[in-house]
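S.K.: Sequence and predicted structure are below.
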Amino acid sequence: MKRIGFLSFGHWSPNSQSATRSARDVLLQSIDLAIAAEELGADGAYFRVHHFARQLASPFPLLAAIGARTQRIEIGTGVIDMRYENPFYMVEDAGAADLIAGSRLQLGISRGSPEQVIDGWRHFGYAPPEGASDADLGRRHAEVFLDLLSGKGFAQPNPRPMFPNPPGLLRLEPHSEGLRERIWWGSASDATAIWAAQQGMNLQSSTLKADETGEPFHIQQARQIRRYRQAWTEAGHARTPRVSVSRSIFPLASDRDRAYFGRGGDSDQVGIIDTMRAVFGRSYVAEPERLIEQLRADEAIAEADTLLLTVPNQLGVAYNAHILETLLTQVAPALGWR
C-alpha cells in the first residue's frame, strides 16, 4: 500500500486559456480539488507556497478551509519557505489549522526554492546573522518552530494577568498534540536529508535534487532516501519516519490527454539552479499500460511510502480529477499501490 496525493503549485493567470484567472479562483478550486480527491479515494492534498508570485502564498487559511470541508484526506504543504516565517506565529496558525482539520496536517517546510525577487525574506523583516547564509536562516527558523511545537512552556506568566493562567511557564496556543511528528523537510541533497533525519522530521524529496553522482535522477533519489533512513536509525528515534517523492505523471487515456501532454519528455534534464547543478526528474507520459512498466522501474518511488502527483491546476478541477481517477483506478492497482 502506498499513499497517493496531489501537489498543486497553485498558479493563476488572467489569461483566457486558464481555468484559474485570479487568486480567488485558485483558492476556491484548490478546496474543490481536495474534496474531489477525497471522494476519489486519494490520500493527500498538498500545496506549494511561493511569495511575490501569482501562486498560493500564506497556506494556513487554505489548509483550514480544506480541513473544514473534508473528513479523511491528509492536507499538507510542499514546501513552506522558512526564511520568510515567524516560527512563533506559525506555530499558532499551524495549531489552529490542524485542530480544525482533526489532526490531518502534514506540513512540508524547507529553505525554499528560487524566488521571484532578490532576497525576498528581507522584505519580511528577516536576515541571516553575519557570516551565515539564507539557508542557515531557514534551518534556524525551522529548529525554533520544531522546539515550539513540543508544547513545552517557556514564557514567564504575568503575575496580574487579564485571565487566569494555568500553573507554570506558558506555551503558545492553540497546541495541537502530535503535529510535531507530522513535519516534513523538503530536501534537495543527501546532506540536508541526513540533517532532517537527525532533527526527527519526515522527508519530502521532489522532482529535482542536487546532481551528486551523475546517475539517473531516480537512482540518486533512492540513495538519498536510504541515507535518510540510515541517519534516522542512528539518531535513535522511536517512530517510523515517512518519505514522499513527487512525480509528474500523465496517463494518456483520451484525445484531450494526448493534446495536452502527448509530447511530454521522457528523460531527465540537468541544469543550474541557485548555483547548484541539479538533475530534474523525467515526466511520465504514456498510456496506462506503458505507465505501469515505467513506474515499476522507478527505484525512488519504490523506496517511498507516499507519492505526490504534480497537477496542472490551471486546467481546472474536473480535468485534474480525471487525471487522479485514471491513475488511481488504472495504474495504482496494477503496481500494488492500492
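M.R.: Sure, I can see it. Numbers count the residues shown, from 1 in each chain.
S.K.: can we go C-alpha only for contacts and neighbour counts from here?
M.R.: Noted.
S.K.: what sits opposite residue 109 in the beta ladder?
M.R.: Per DSSP bridges, the residues bridged to residue 109 are residue 80, residue 185.
S.K.: Quick one: residues contacting it.
M.R.: Residues near residue 109 by Cα atoms under 8 Å, 6 or more residues apart in numbering: 77, 78, 79, 80, 81, 82, 142, 183, 184, 185, 186.
S.K.: In the stretch 201-338 of the chain, where is pLDDT below threshold?
M.R.: Low-confidence segments of the stretch 201-338 of the chain (pLDDT under 70): 264-265.
S.K.: Strands along that one, start to end?
M.R.: For the stretch 201-338 of the chain, the strands defined by DSSP state E, counting those that start in this stretch occupy 202-205, 208-210, 243-247, 249-251, 269-273, 276-280, 284-286, 306-311.
S.K.: next one: the longest one to chain centre, how far?
M.R.: The chain centre lies 9 Å from the centre of strand 306-311; the measure is Cα atoms, centre = their mean, to the nearest Å.
S.K.: got the contact list for residue 48?
M.R.: Contacts of residue 48 (Cα under 8 Å, 6+ apart): 7, 8, 9, 10, 56, 77, 78, 79, 80.
S.K.: wait, the fifth one sits on residue 62?
M.R.: No: counting by Cα atoms under 8 Å, residue 56 stays clear of residue 62, with 9.0 Å between them.
S.K.: neighbour count winner among those two?
M.R.: Taking neighbours as other Cα atoms under 10 Å, residue 56 and residue 62 compare with residue 56 leading, 22 against 19.
S.K.: where does that one fall, helix, sheet strand or coil?
M.R.: Recorded secondary structure, residue 56: coil (DSSP: H, G, I helix; E, B strand; the rest coil).
S.K.: what sits in contact with each of residue 56 and residue 62?
M.R.: In contact with both residue 56 and residue 62: residue 27, using Cα under 8 Å, 6+ apart.
S.K.: before we move on, back to that, okay if I get the contacts of residue 48 as a markdown table plus distance to residue 215?
M.R.: Below are those laid out as a markdown table (distance: Cα to Cα, whole Å):
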| residue | distance to residue 215 |
| --- | --- |
| 7 | 26 |
| 8 | 28 |
| 9 | 27 |
| 10 | 31 |
| 56 | 33 |
| 77 | 28 |
| 78 | 25 |
| 79 | 26 |
| 80 | 29 |
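S.K.: Please state the mean pLDDT value computed over stretch 71-87.
M.R.: Stretch 71-87 comes out with an average pLDDT of 98.
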